[in-house]
Structure formats: C-alpha cells, structure tokens
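Asker: Based on what follows, work out the 3D shape:
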Amino acid sequence: MAENRNTNASTYNDDSIQTLAWNEHIRQRPGMYVGRFGDGSQSDDGMYVLIKEVMDNSIDEYMMGHGKTIEVTIEGRRVTIRDYGRGIPLNKLADAVSKMNTGGKFEDSTTFRKSVGLNGVGVKAVNALSSEFTVRSVRDGQARTVSFSRGYELSDRWEEGVQEKNGLWVSFVPDDDEKIFGNYAYNYEFVEPMFRRYTYLNPGLTVKFNGKAFLSKNGLLDLLNDNLSEEPLYPPIHLTGEDIEVVITHGSGYGETYYSFVNGQYTTLGGTHQAAFREAVAKTVKEFYKKDYDPADVRTSIIAALSIKVENPMFENQPKTKFGSKDVAEGGPSVRNFIMDFVKERLDDYLHMHPETADALGKKVASNEKERKAISGVQKKAREMAKKVSLNNKKLRDCKIHLSDEKNDRRFDTMIFITEGNSASGSITASRDVQTQAVFSLRGKPLNSFGLTKRVVYENEEFNLLQAALNIEEDIGNLRYNKVIIATDADVDGMHIRMLIMTFFLQFFPDVIRNNHLFVLQTPLFRVRNKKETIYCYNEEERQRAVNRLGPNPEITRFKGLGEISADEFKEFIGENMRLEQVRLTKEDPIHDMLEFYMGKNTSDRQEFIINNLRIEADYIDELI
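Answerer: As a prediction, the model looks like this:
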C-alpha cells in the first residue's frame, strides 16, 4: 500500500508565505541584530548593544569632525544620548530610524569615509526593540522630533526658531515584554567601560555619563595602563600612524591579551586585523633578535591594543564583534600587509632606539622559549594520550555546531557545561540542545593548579583533556564554544570545585575570562509547587515569595545537588530561562594576589578571613530575624 505522506504534514500553501514588517522581523529575529536579549547580567546582553548602536552614530559624527561632547544618562531603564554633531537631515529623520537600508554611510557616500556602521540597520533595531523611542534632530534653528513604540510611529513634530545647538537627541526604553528583554536592569560595570573605550579611541572626545566625564589624552596607551592588573615587564610601546595605533607590552602570566578595534568598534572576537597583528609582532621580534623563535614564545604574556580605521568595514555579525574585511580600502593594501608593514618598520625602529626595552623583551621571549622546550616532551605525550582517549565516549558529549562554524547563525549560542560526577552530567546531557550545548564531565575534584607551571596542564589527565575539548592549547582564538560554563552543586564541595576550575583558567588561560567566555551556571535551590503551579527558586527570598504566592502548605523540595534534578527539569534551567553569572576580571583584580590568598598556602590568613566573614553573616541574619 502506498504511504500517504500528507496525513500528518502541516499544510503548506499561499497562506504559509508571510511578509514581515521591518520592525516585526527584528523582533522575531533578534540574533541577527543584537545577538541576544538577556537581562543585563552579561556584558553582551542586547540592551548594551542598543546603547552601542546609538553611540556609534554619535562617534561617527565626532570622527568626521563634528561635536566634541556626547552626553548620556540612564535613569532606570531609560537611556538618553545627546551629541553635538550635524544632526540627521530633517526631511529624512523618520526614514533614517524606521526604514531598513536607509542611511548616509553606504559605499558610494563620501559623508562618512570610515564609519563603523554601513548597512543602515543599528538604530532601527533600537527603535523596533524599544517600547519607547524618540529621536530629535536640531539643524540651524530648526528641529524635528519623531516618537515610536516598538517601531510604530506615534507622533511627528516640527519646530522653527529653536535655540538649541545642532545635534541629535535619542531617548529609548528597551521593551520589557517577556518575549523581548523581559525583566532587565542595566549594570554600570558594563556601561562605564564601554564609554571609556570610546574616549580611548577618540582622544579629545568627552563622554559625560550621568554627570561623570570620561576623557583620554593618550589614546590606547591610557587604555592599556588603565587595564593593567600587574606591573608590566617594560614600559608599553606606543606606536601611532595614519589610521593605525598600537600599544605593546608583556606581563608575567600565561596567555595573550588583546584589545582590538576597527573604526572604534571593539572587536572582542578579533578578526583579520588581530590575526595580522599577532603575526606581525612575532615576525618582527624574530627578525630583530635574529633568532628563530616560535611565535608562541613571542606572544605568551603579551598585553596589547590595536586600532585601525578602514573604508567600508565588513563585520561577520550585526553586533560587529569580529572583523572580516580583507582590504583597508578599495584599491589599497590588504589589511594584513597594512599592519605588517607598519609593525615591521615602527616596532623595529623602537627597539633599536630603546635598548632597555629591547633587553627586557628579549629576556622574556627567551624565558618563554626555555619553558616551552622544557615541556615539549610532555606535550607530545599528552597529545598522544588525548588522541587515544575517546572524548566523545568518556569525557565529552559534544554539540554539532561550534564557534568556528563561521557561516552558522547559531555559532554564538554554543556553550559547554563543565560538570562533576556522572549523575549531574547525565541529567544535563539528556536535557541539552544537542546543536549548541556540549557537556564535559570531570572525575572528582581537579588539582589545585596555583603556583604550578604549565607542565601540569599536560601531565594532569583532567586538565589535558579539558584543554583538548576546548581546543585552546595552541591559540585561544580556536576556542570551540562561545560560553564555557561551570556547572557544580551549590554546596561546599561544589563551590570548592568551582574555585579549582576558575584557578585553572586564571593560572593558564586567563584570556578565556578576559574575553568574556567563562560563566557559572546558577541552579535552583528550591522547588515550590502545588497541584496547579511549580516555581523554582534560586535563593531564600524567592522561596518565600513563592510560598506566599502559592498559598498554604505547598510542597517544598530543597535540591542538594545537580544529580537530584531530573532531565525534564533541567530543560528549564539550561534553556531560555538559564541564569548565568559571568566570571569577570578588572584592573582591581590582580590575578596572582587573588590566587595567592584564596588558593595559596596562607592557611591561617584565609582561616581568619572566613571566620570574620561568617561572624558578619551571622550578625546580618540575626538582624533579619
């Protein structure tokens, strides 16, 4: 009998074909425009991208020589940005913020030669994703103000004879609809560094945020000095040229730290310019010392900043975190040759003119080479072991999409959960999204790696297999997942394991943290339910609210470990409702000092710290009671 293939199939006819309005397309496909929604707890959440999109337009005005001050205020959820540039031409104001592919920055335009935004999308995304959006342009005594809600126009007002200075005024409130941003809040610890970066990249520009002024006189040199968490081995090398600025120094830790920018855009995921810079530094140093150093010998512990300006920049996604252009300008040199030529000439000259810096750099590279050669035999054996061990069967349950899959729209959704124990890894494995979520299972508590050399990464089976799973042995740029998530129990043992894993990354791969890839999974402590509703609670306050909501005598379950949470329940915690806490590093977090105190052998000092803080916590609980 022939099979009827249409019995259970969905109807596919003319009505199945839809044409979405521009704003509805943005709201239904936010990943194309702002990356992710989020709740403000992570630096790459969409509400920060909205600020950046509006700021970029104001920065472009400054780069073209118009307006030296940008004023920003955040009051609750409302963001207001005022620049003193030329203002958008009044007749095109509404179109510029509400019609896709409308703007003054396309390839045939000479108005903006080296702008960060060229496709006329950014500010439209802000409009579509905001419950309130108002734009006001002032030009030579005339003004026009247009207001929208979720991309739909509400009002349009023209004025004559205004006394305001020229420029643009934008005010918006990101939509708190549960399908958009939901319950969110701005974290100024993410906002202020963004504004500081704008001033580093544009010396002479003042950004005033809630009355606090940010200004830089020395560009990227100020950026590096303000972000160093340790004393550099030599004074930072600061090189400037037309459309390029570079700062280089070395620290004492492992890994490579880069702050790279294109036309003022912070390219956290690097790209062609950063790859060319890394190659150029390694080659120039090798030629200066006339030694065949491995590139890793030159780059280990490097701390550097790079900024270039190009015409018609191409980025690999709308958040513009990875640069993809091959050429500096039409008919001009390639990005690689442009950077290679500049670094080769200027860095070589600098080292010849500053022998003390050259001596310190040479000693650091020689030290890196000595350590690398000392563990080369161990590395070889470790690689062989990693090949023999079946990661897919014993340690790693991999996903199908990876961060390196550059043509896949979901590559930025990729993540790996680092768990301890078979029950916890089993629950997550059974409930995960196999396309983007991988699971790596630890066996017991990992080694405390503080104070150890990188040799231990290869000699310790757990560490060796973990770095192999992440693919970060040779280069952090090869990281296979956008988010590395520590998933341990919320008890003493789980917290200890969490600290040991963090120590591993801080000690040997701090760039995973600096580049915003390391997170901690928050899992519920309580389940409160009755016959009609189930509420998962992450702290005592949430538990009490749930009890009050569900009425008398609800069933309350206290989760002691991840293994007690069923696979079906885990889907609630690693899907859209996942709560992640980002592990972050700032200038105020000197890695060695932190590790020395929390993971070192100063047992008595740490014991006193714990006792004192327990007393403070006990006093606080007594006050609540």
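
Asker: Which stretches in the stretch 251-400 of the chain count as helices?
Answerer: 272-289, 295-299, 335-353, 355-374, 376-388, 391-394 (DSSP state H, counting those that start in this stretch).

Asker: which SS class is the residue nearest in space to the middle of the chain?
Answerer: Ranked by distance to the mean C-alpha position of the chain (CA atoms, centre = their mean), the top residue is Asn516 at 4.5 Å. Here Asn516 takes the coil state, with states given by DSSP: H, G, I helix; E, B strand; the rest coil.

Asker: what's the domain layout of this protein?
Answerer: The chain breaks down by automatic domain parsing into domains covering 22-215, 220-374, 376-523+561-589, 526-558, 592-625.

Asker: averaging pLDDT over each of these, which comes out lowest?
Answerer: Between these, the lowest average pLDDT goes to domain 592-625, which shows a mean of 61.

Asker: Can I get the helices of the stretch 251-400 of the chain in a markdown table including distance to Pro510 and mean neighbour count?
Answerer: For glycine as for every other residue, the C-beta is placed from the backbone atoms N, C-alpha and C. Shown next, in a markdown table, are the helices of the stretch 251-400 of the chain (distance: least, CB to CB, whole Å; neighbours: other CB atoms under 10 Å):
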| stretch | distance to Pro510 | mean neighbour count |
| --- | --- | --- |
| helix 272-289 | 17 | 20 |
| helix 295-299 | 14 | 20 |
| helix 335-353 | 24 | 17 |
| helix 355-374 | 16 | 16 |
| helix 376-388 | 20 | 13 |
| helix 391-394 | 24 | 11 |
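
Asker: can you pull the contacts of the residue nearest to the centre of the chain?
Answerer: Neighbouring residues of Asn516 by CB atoms under 8 Å, 6 or more residues apart in numbering: 42-44, 268, 582, 584.

Asker: Narrow the residues you listed to those that are buried.
Answerer: 42-44, 268, 582 (16 or more other CB atoms under 10 Å).

Asker: Return the subset of those residues lying in strands.
Answerer: Gln582 (DSSP state E).

Asker: could the buried ones among the contacts of Asn516 go into CSV alongside distance to Glu189?
Answerer: As requested, these are exported to CSV (distance: CB to CB, whole Å):
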residue, distance to Glu189
Gln42, 11
Ser43, 9
Asp44, 14
Thr268, 16
Gln582, 10
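
Asker: about what we covered before: can you add distance to Asp14 and give the domains of the chain back as CSV?
Answerer: Listed next are the domains of the chain as CSV, based on distance: least, CB to CB, whole Å:
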stretch, distance to Asp14
domain 22-215, 20
domain 220-374, 31
domain 376-523+561-589, 27
domain 526-558, 41
domain 592-625, 63
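
Asker: so who does Glu462 touch?
Answerer: So Glu462 contacts 442-443, 446-447 (CB under 8 Å, 6+ apart).

Asker: Just the closest of those residues to Thr523, please.
Answerer: Using CB to CB, Leu442 comes nearest to Thr523 of the contacts of Glu462, at 16.4 Å.

Asker: Let's see which of the contacts of Glu462 end up in strands.
Answerer: Leu442.

Asker: which of the contacts of Glu462 has the most neighbours?
Answerer: Leu442 (21 neighbours; other CB atoms under 10 Å).
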